[in-house]
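A.B. asks: What shape does this take:
(2 chains)
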Protein chains: 2
Amino acid sequence: MAELPLAPVKRIIKLSGAERVSEDAVESLRDAIEEFAEDLAASARAYARHAGRKTVKKEDVKAAR
Amino acid sequence: MAELPLAPVKRIIKLSGAERVSEDAVESLRDAIEEFAEDLAASARAYARHAGRKTVKKEDVKAAR
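C.D. replies: This next block holds a predicted model:
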């Protein structure tokens, strides 16, 4: 966990139109999207393996979405 | 779009067990999680506004999840 940096996550919240955002809200959103990313990555990897490849390709991410 | 850096996204894919990952797969996953983050941020902001606040708090992100 906690691969993604907080600064860009805070920018995404600000870009949504929020005037202010608490630090623990930024951390909570970071955790949520990290979890989503992990699930999607695991699914993409499964698609790559199913296709007999060791390389995860764009088509695997597309299939996983 | 494209607030999130690619390097941590690539690490998340590698941590899922992928031996190799193409660059466009990393970009595709980054786009997917950025879209997810934007949707979640917009929903959290709506919850904050509904509660009469200008500050997005952790409880808003929790409600949005």
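
A.B. asks: three-state assignment of the residue located most distally from the centre of chain A?
C.D. replies: Computed with C-alpha atoms, centre = their mean, the residue of chain A farthest from its C-alpha average is residue A:52, at 24.8 Å. Three-state call for residue A:52 (DSSP: H, G, I helix; E, B strand; the rest coil): coil.

A.B. asks: just residue A:7 next, same as before
C.D. replies: helix.

A.B. asks: count of residues packed around it?
C.D. replies: Close neighbours of residue A:7, defined as other C-beta atoms under 10 Å in any protein chain shown, add up to 10. The way it works is simple: take the backbone N, C-alpha and C, and place the C-beta from them, glycine included.

A.B. asks: How about residue A:35?
C.D. replies: With other C-beta under 10 Å as criterion, residue A:35 counts 12.

A.B. asks: roughly how far is the helix or strand where it lies from the heart of the chain?
C.D. replies: Following DSSP states H and E, one finds residue A:35 within helix A:23-50. Per C-alpha atoms, centre = their mean, to the nearest Å, the displacement of helix A:23-50 from the mean C-alpha position of its chain is 4 Å.

A.B. asks: what's the angle from it to helix B:23-50?
C.D. replies: 150 degrees (axes from the mean of the first three to the mean of the last three C-alpha atoms, to 10 degrees).

A.B. asks: how about stretch A:48-57: buried residues?
C.D. replies: Neighbour counts over stretch A:48-57 (16 or more other C-beta atoms under 10 Å in any protein chain shown) mark A:48, A:53, A:56-57 as buried.

A.B. asks: from those residues, which is closest to residue A:3?
C.D. replies: Nearest to residue A:3, judged by C-beta to C-beta, of the buried residues of stretch A:48-57 is residue A:56 at 16.1 Å.

A.B. asks: Residue A:22 versus the closest residue to residue A:30 other than its chain neighbours, what's the distance?
C.D. replies: Spatial nearest neighbour of residue A:30, excluding adjacent residues (C-beta to C-beta, 6 or more residues apart in numbering or on different chains): residue A:9 at 4.7 Å. Per C-beta to C-beta, to the nearest Å, residue A:9 is found 13 Å from residue A:22.
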